[in-house]
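Visitor: Take a look and give me a structure for this.
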Amino acid sequence: MSEIDEKDNAILEVLKGDSSLSIQKIGRRTGIPIATVHHRLKKLIAERIITRYTIDIDRAKLGKKLVAHILIKATPKSDHIELLEKLMKHDEVEDGSAITGAFDVLIKVRVADIDDLDQFVLKYLRTFDEIAQTESMIAFRNIGK
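Guide: Numbers count the residues shown, from 1 in each chain. Next comes the predicted model:
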């Protein structure tokens with residue numbers, strides 16, 4: 001893998017802000033020639049530094065206004081990574097991590113309201129044999145990137 005330099009970082013910063021930009025617009029915003037941007041993007045993709053282009057959806061505008069972080073303690077001998085991978089498949093789960101400390105997994109969920117959160121915890125999370133305990137924390141305000 002080659003080293004990432006200032007030009008690569010400039011391209012990545014522009015793409016983090018808007019991954020739909022054309023090569024021409026990236027070149028204008030970074031001051032890097034278009035041919036160089038094209039070559040650098042191909043390299044970043046080939047080296048799997050850029051793994052996908054995506055969109056950022058304002059889920060609050062789609063009715064999903066409540067954000068909660070849920071700590072999960074797994075049962076002894078359960079595979080935390082496998083559990084996390086299963087949880088990440090649920091539409092309401094936005095982010096997840098295997099963590100250290102008293103709990104094993106942390107997930108961020110976005111739902112419409114407290115009733116939906118209640119349903120998510122009681123009707124979904126509690127169905128996993130691998131989950132011994134949960135602790136939910138509702139976000140008063142969420143400022144994400």
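Visitor: Spatially, what comes nearest to residue 117 if we skip its sequence neighbours?
Guide: The shortest distance from residue 117 to any residue that is not its chain neighbour, by Cβ to Cβ, 6 or more residues apart in numbering, is 5.0 Å, and that residue is residue 111. The C-beta positions use only the backbone N, C-alpha and C, and glycine is treated the same way.
Visitor: So what does that neighbour look like in phi/psi?
Guide: Comment: the main-chain dihedrals of residue 111 come out as phi -130, psi 170, following degrees, to the nearest 10.
Visitor: Quick check: beta-bridge partners of it?
Guide: Here residue 111 sits in beta bridges with residue 66, going by DSSP bridges.
Visitor: now the residue positioned nearest the centre of the chain: how far from residue 107?
Guide: Centroid-nearest residue in the chain: residue 95, 4.6 Å away (criterion: Cα atoms, centre = their mean). If you measure residue 95 against residue 107 using Cβ to Cβ, to the nearest Å, the figure is 7 Å.
Visitor: what's the answer for residue 45, then?
Guide: 29 Å.
Visitor: neighbour count winner among these two?
Guide: Set side by side, residue 45 and residue 107 show unequal neighbour counts under other Cβ atoms under 10 Å, the larger going to residue 107 at 23 against 13.
Visitor: May I have the phi/psi pair for the more buried one?
Guide: With angles defined as degrees, to the nearest 10, residue 107 shows backbone torsions of phi -120, psi 150.
Visitor: ok, now which ones touch it?
Guide: Each residue near residue 107 by Cβ atoms under 8 Å, 6 or more residues apart in numbering is listed here: 69, 70, 72, 84, 87, 88, 93, 95, 96, 97.
Visitor: Next: residue 5.
Guide: Under the contact definition (Cβ under 8 Å, 6+ apart), no residues are listed for residue 5.
Visitor: for residue 53, same thing?
Guide: Per Cβ under 8 Å, 6+ apart, neighbours of residue 53: 15, 19, 20.
Visitor: Can you turn the buried part of these into a ChimeraX selection?
Guide: Those of those that count as buried under 16 or more other Cβ atoms under 10 Å are selected in ChimeraX with:
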select :15
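Visitor: In the chain, mark out all the helices, start to finish.
Guide: All helices of the chain, identified by DSSP state H, fall at 6-17, 23-30, 34-46, 80-88, 114-119.
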